[in-house]
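A.B. asks: Show me how the following folds:
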Amino acid sequence: MRLRVEFTTEPFDLDEAPAHAVVAREIVTGAELDAVDVGPFGNTAEGDADQVLGAVTALLRESLRAGATRVSLQVNVIGDARHDEGGAS
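C.D. replies: Numbers count the residues shown, from 1 in each chain. As a prediction, this is how the structure comes out:
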């Protein structure tokens, strides 16, 4: 199964990226995920379910530790490679 995660961390700082945002982005870009897109107000990444869920766990733990007061995230199932390749289940 493949997942897409979209997330933001707060509080926002328009002058420079807060420590919690930097930590969250480092975790996602350092994980073995596909299609990582980081932006000033939202971030997305896709990958294997186990890898995405592992990255989300680390992202939550470390961004809260770094000062985030809110982490908003959404996780969507985007496909299953076994089904996409014509496999039967």
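
A.B. asks: Tell me which residues of stretch 22-42 come out buried.
C.D. replies: Val23, Ala24, Arg25, Ile27, Val28, Ala31, Leu33, Val36 (16 or more other Cβ atoms under 10 Å). Placement of C-beta: from N, CA and C, glycine included.

A.B. asks: Wait, the third one touches Pro40, no?
C.D. replies: No. With contact defined as Cβ atoms under 8 Å, Arg25 and Pro40 do not form a contacting pair (10.7 Å).

A.B. asks: Need the overlap of contacts for those two.
C.D. replies: Ala17 (Cβ atoms under 8 Å, 6 or more residues apart in numbering).

A.B. asks: Which helix in this structure has the most residues?
C.D. replies: helix 49-65 (DSSP state H).

A.B. asks: Flag every buried residue along the following helix or strand past that helix.
C.D. replies: For helix 49-65, the following helix or strand on the C-terminal side (DSSP states H and E) is strand 70-79. Within strand 70-79, the residues that count as buried by 16+ other Cβ under 10 Å are Val71.

A.B. asks: Which secondary structure elements does strand 70-79 sit against?
C.D. replies: Where contact means 3 or more Cβ pairs under 8 Å, 6 or more residues apart in numbering; DSSP states H and E, strand 70-79 is packed against strand 2-10, helix 49-65.
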